[in-house]
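**Q** Need the 3D shape of this:
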Amino acid sequence: MELNRLYIDELEELIKEYGEQSYRATQLFAFLHSQKRGDIENSNLPKSLKTKLQENCTLRKIKILEEFQSQKDETKKLLFELDDLNIVEGVLMKYKHGYSQCISTQVGCRMGCVFCASTKEGLIRNLTASEMLSQIYEVENKYGIIVSNVILMGSGEPLDNYDEVLRFLKILHHEKGKNLSYRNMTISTCGISDKIYELADENLPITLAISLHTTNNISRDSLMPINKRYNLESIIESCKYYSDKTKSRITFEYTLIHGENDLDKNAYELKELLKGLKSHINLIPLNPIEEYSGKKPNQKDIKNFMKKLEALSLNVTIRRELGSDINAACGQLRRDYKRGGSNEFCCSNKSGVC
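**A** The predicted structure follows:
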């Protein structure tokens, strides 16, 4: 029984089995998720209950293995070590409105996007809800901060780990825990349509970000193999359903690859694709990895493509590049660390933030 992944009602059932009053579950939940602690022996629970919990339950723990600090801004790129010695990545970003943290949901990824380092070794395993929560708690505890926005955009495909991700989101939102608003949470997905419908039916106003990256099925099939199962039409239909259900705008992440998806025809196809959908486009200049030959566009080309989209009345921004002197997007940092590399990392693009 993994204590720090349980809902409060599940803790109540457990506490009752141990012959204790149900309010002890609220105390335990707050200790784990509001105080962000795991040292049960130092909690204010009765000694007999602490003994039973320690004998029969586990606490998933992670630790910050390495920190890479930008000298240009306050961005930190982090490696986390899990109980089984697997490694995942994250990014802590400081904005005027507060801190945003990008977290991982899987060790590796099985989506196979050609420009993403996270997927090159395949999927190793899913993270549990407690391991996702611990990424945030460890950062808040170490740096003495409060993370106000959480982005599931690190290594892994969140909707491929749907049940644990949903559990993570609900615990993160609970008023006895961190009490983070759903509107301050973002899920980035390559477009698993059936799970987008499921998430919409939860009716949680979480920001949905789609890793789009191109404008027609032929080119997307070659960039993102998942498109052969969930094509653009199915993704857009699920996004419309999600937007209508949650009354929210959908973000579309679009990695610009010089000469491939930054042409006039792409702008017009994008306009047609997003017709009737409340949307925002986030342009992301490609940062190449060694296994992919695509080229990064220059600043002039990036701005020109943005102007083309604006001329078509599309809402668009260029992603702000934070921590540019510690180029280490999700996937590449972990791989280089395992290879015994230095801090001079090259950068990949898992959906755009990390």
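
**Q** Sketch out the strands for the stretch 51-200 of the chain, chain order is fine.
**A** Taking DSSP state E, counting those that start in this stretch, the strands of the stretch 51-200 of the chain run over residues 63-69, 76-81, 87-95, 98-103, 106-108, 123-126, 147-152, 185-189.

**Q** Now do the contacts for Met132.
**A** Contact analysis of Met132 by CB atoms under 8 Å, 6 or more residues apart in numbering lists Ile103, Ser104, Thr105, Leu152, Glu164, Val165, Phe168. In this view, the C-beta of every residue, glycine as well, is placed from N, C-alpha and C.

**Q** tally of neighbours for the last one?
**A** The reference is to Phe168. For Phe168, the tally of surrounding residues (other CB atoms under 10 Å) stands at 27.

**Q** From here on, call the first residue 53.
**A** Yep, numbering from 53; the last one is Phe220 now.

**Q** Would you agree it is in contact with Leu185?
**A** Yes - counting by CB atoms under 8 Å, Phe220 touches Leu185, with 6.0 Å between them.

**Q** Where do the domain boundaries of the chain fall?
**A** 55-108, 115-390 (automatic domain parsing).

**Q** What mean pLDDT does the longest one get?
**A** This points to domain 115-390. The average pLDDT within domain 115-390 is 91.

**Q** re earlier: which of the domains of the chain is buried the deepest?
**A** domain 115-390 (a mean of 19; mean count of other CB atoms under 10 Å).

**Q** quick check: mean pLDDT across stretch 76-93?
**A** In the prediction, stretch 76-93 has an average pLDDT of 97.

**Q** Off-centre distance for it?
**A** Relative to the mean C-alpha coordinate of its chain, stretch 76-93 is positioned 25 Å out (CA atoms, centre = their mean, to the nearest Å).

**Q** Same question for stretch 230-244.
**A** 8 Å.

**Q** Quick one: end-to-end length of it, please.
**A** 28 Å (CA to CA, to the nearest Å).

**Q** Would you map the helices across this structure?
**A** Ranges of helices in the chain, per DSSP state H, are 60-69, 75-85, 99-108, 181-195, 214-225, 245-254, 269-275, 284-298, 316-325, 351-363, 384-390.

**Q** circling back to that earlier point, just put the strands of the stretch 103-252 of the chain in TSV and tack on distance to Cys168.
**A** Shown next, in TSV, are those (distance: least, CB to CB, whole Å):
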stretch	distance to Cys168
strand 115-121	19
strand 128-133	16
strand 139-147	12
strand 150-155	14
strand 158-160	11
strand 175-178	13
strand 199-204	15
strand 237-241	12
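
**Q** For Gly346, which of these is the nearest?
**A** With distances scored as CB to CB, the stretch of the strands of the stretch 103-252 of the chain nearest to Gly346 is strand 237-241 (19.8 Å).

**Q** That closest one versus strand 199-204: what angle between them?
**A** Relative orientation of strand 237-241 with respect to strand 199-204: 20 degrees, computed using axes from the mean of the first three to the mean of the last three CA atoms, to 10 degrees.

**Q** Tell me which residues are up against strand 237-241.
**A** The contact list for strand 237-241 (CB under 8 Å, 6+ apart) reads 201-205, 209-211, 217, 221, 224-225, 247-248, 251, 258-263, 303, 305, 403-405.

**Q** wait, Lys228 sits on Ile60?
**A** Yes - counting by CB under 8 Å, Ile60 is a contact partner of Lys228 at 6.4 Å.

**Q** what is in contact with these two at once?
**A** Common neighbours of Lys228 and Ile60 (CB under 8 Å, 6+ apart) are Thr78, Phe81.

**Q** Lys323: which of the contacts of Met184 is nearest?
**A** Leu204 (28.2 Å).

**Q** So the closest one is in contact with Pro210, correct?
**A** Yes - using CB under 8 Å, Leu204 is in contact with Pro210, at 4.4 Å.
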